[in-house]
Structure formats: structure tokens, C-alpha cells
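got a predicted structure plus its sequence, pasted below:
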Amino acid sequence: MSMGNALSEQMAQKVGEIKQVVAGLSDEKASKPAAEGEWSAKQVLSHLCGDNDALSMYEFKRFLAEETPDLGINPGEHGDVRKGAPITELVSKIESDYAEIGQFLSGLSDEQLARKAHVPFLKESPLGEYPTLGQWAGAVINFHLADHVNQLRTLAQ
């Protein structure tokens with residue numbers, strides 16, 4: 001199995017986990033944060049629907065379209081724009097967005113997955129500030145999505 005196919009499958013698995021975690025969650029409960037200053041489940045889901053952040057399809061494609069593009073990451077931002085949407089709409093958007101990214105990843109060669117971007121936020125991380133597209137996708141799946149799945153599990157209790 002190619003690296004792109006493996007990343008696509010891992011991404012689909014994380015989206016499946018998100019769907020499973022929020023399946024029985026009411027819109028009312030999902031709108032309430034666990035504590036003052038924390039995110040609600042809807043804010044987490046809204047964040048994962050982010051159209052204009054470094055996790056969007058546009059940013060993934062920039063690895064191929066530009067020579068070492070600068071990806072802007074603003075940790076801690078959530079998408080209040082969609083938090084009023086029903087859970088089903090948020091989950092549907094996440095599912096379609098990440099399916100598109102997964103399909104994109106599955107069609108990439110090893111050479112394409114080795115292209116780099118500049119992500120200053122990651123300078124002190126094991127990835128460094130110039131991750132490859134494959135490393136970036138892996139970090140989105142294994143850190144970003146995994147972290148939010150755990151956050152949603154806590155909020156759904």
C-alpha cells in the first residue's frame with residue numbers, strides 16, 4: 001500500500017471516530033462547554049470544519065502548487081462561524097472535507113508527499129519547521145484529529 005493510501009485510510013478512520021463519538025450527543029449538550037473558557041463540542045466540530053486554516057484542502061494543495069509555501073497556523077482558534085449549526089451538518093461537513101483530502105492524498109506519489117512547506121509554529125517540534133506533505137498529513141491525523149477526538153469524547157460524557 002502506498003503512503004498516500006495509508007494516510008487516506010487513517011484519515012477516514014479518525015473521521016469515523018468523530019462520527020461515533022458525537023452520534024448520541026444532543027445539540028443542546030454539544031453547545032455547552034464543560035467549563036468556563038473551554039470549547040464546546042460544537043466549537044470543536046466547527047474548528048474541524050475550518051475552510052480557511054492550514055488544515056484545509058487549499059493548504060494541502062499548496063505543497064504541490066508552490067515552492068515551500070508558508071502555512072499559517074493559529075493554534076487555539078475555533079470556528080465560531082458554524083457553532084450554531086446542528087451537529088449533523090457539522091459532522092457532514094467534516095466528513096466531506098476530510099474525504100476530499102483523503103482522496104487527494106491517496107493519489108500522490110512519494111515524490112509529491114516529500115514536498116515541503118514552511119510552518120514556523122512547528123520549529124521546536126520533532127517535525128521541524130519544514131515538514132513534508134506526508135509528515136504534515138500524518139501530524140494532522142495522529143495529533144490534531146486524534147486530540148480533538150479525545151476532546152470530543154470528554155465533552156460527550
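Structure received.

only C-alpha atoms from now on, for both contacts and neighbour counts.
Noted.

quick one: low-confidence parts of this protein?
Applying pLDDT under 70 to the chain flags the ranges 50-54, 74-83.

all helices of it, in order?
Using DSSP state H, the helices of the chain run over 3-22, 27-30, 41-48, 57-65, 87-106, 110-113, 133-139, 146-156.

now do the buried residues in the second one.
Applying a neighbour-count criterion of 16 or more other Cα atoms under 10 Å, the buried positions in helix 27-30 are Asp27, Ala30.

next up, the contacts around Lys32.
Ser40, Ala41 (Cα atoms under 8 Å, 6 or more residues apart in numbering).

for Pro126, give its distance to Gln135.
10 Å (Cα to Cα, to the nearest Å).

higher neighbour count, the two?
Between Pro126 and Gln135, Gln135 has the larger neighbour count (other Cα atoms under 10 Å), namely 17 against 8.

which residues touch Leu127?
By Cα under 8 Å, 6+ apart, the neighbours of Leu127 are Gln135.

now stretch 12-24: how far from the chain's centre is it?
13 Å (Cα atoms, centre = their mean, to the nearest Å).

surely Ser106 is in contact with Gly4?
Yes: assessed by Cα atoms under 8 Å, Ser106 is found in contact with Gly4 at 4.2 Å.

of those two, who's got more company?
The neighbour comparison of Ser106 against Gly4 (other Cα under 10 Å) goes to Gly4, with 23 against 18.

coming back round to it: select, out of the helices of the chain, the one closest to Leu122.
helix 133-139 (10.2 Å; Cα to Cα).

show me what the closest one is packed up against.
Judged by 3 or more Cα pairs under 8 Å, 6 or more residues apart in numbering; DSSP states H and E, helix 133-139 is in contact with helix 3-22, helix 110-113.

before we move on, the earlier item: need the helices of the chain in TSV (columns: distance to Pro120).
Below are these laid out as TSV (distance: least, Cα to Cα, whole Å):
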stretch	distance to Pro120
helix 3-22	23
helix 27-30	33
helix 41-48	21
helix 57-65	15
helix 87-106	23
helix 110-113	19
helix 133-139	13
helix 146-156	21
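
give me whichever of these is most buried.
helix 41-48 (a mean of 26; mean count of other Cα atoms under 10 Å).

how far off centre is it?
11 Å.

Arg62: which of the helices and strands packed on helix 133-139 is closest?
helix 110-113 (11.3 Å).

may I have the closest one as CSV, with CA atoms only?
Presented in CSV, the C-alpha positions along helix 110-113 are these (Å, rounded to 0.1, in the frame of the first residue of the first chain):
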residue,chain,number,x,y,z
ASP,A,110,6.2,9.5,-2.9
GLU,A,111,7.9,12.4,-4.6
GLN,A,112,4.8,14.6,-4.1
LEU,A,113,4.5,13.6,-0.5
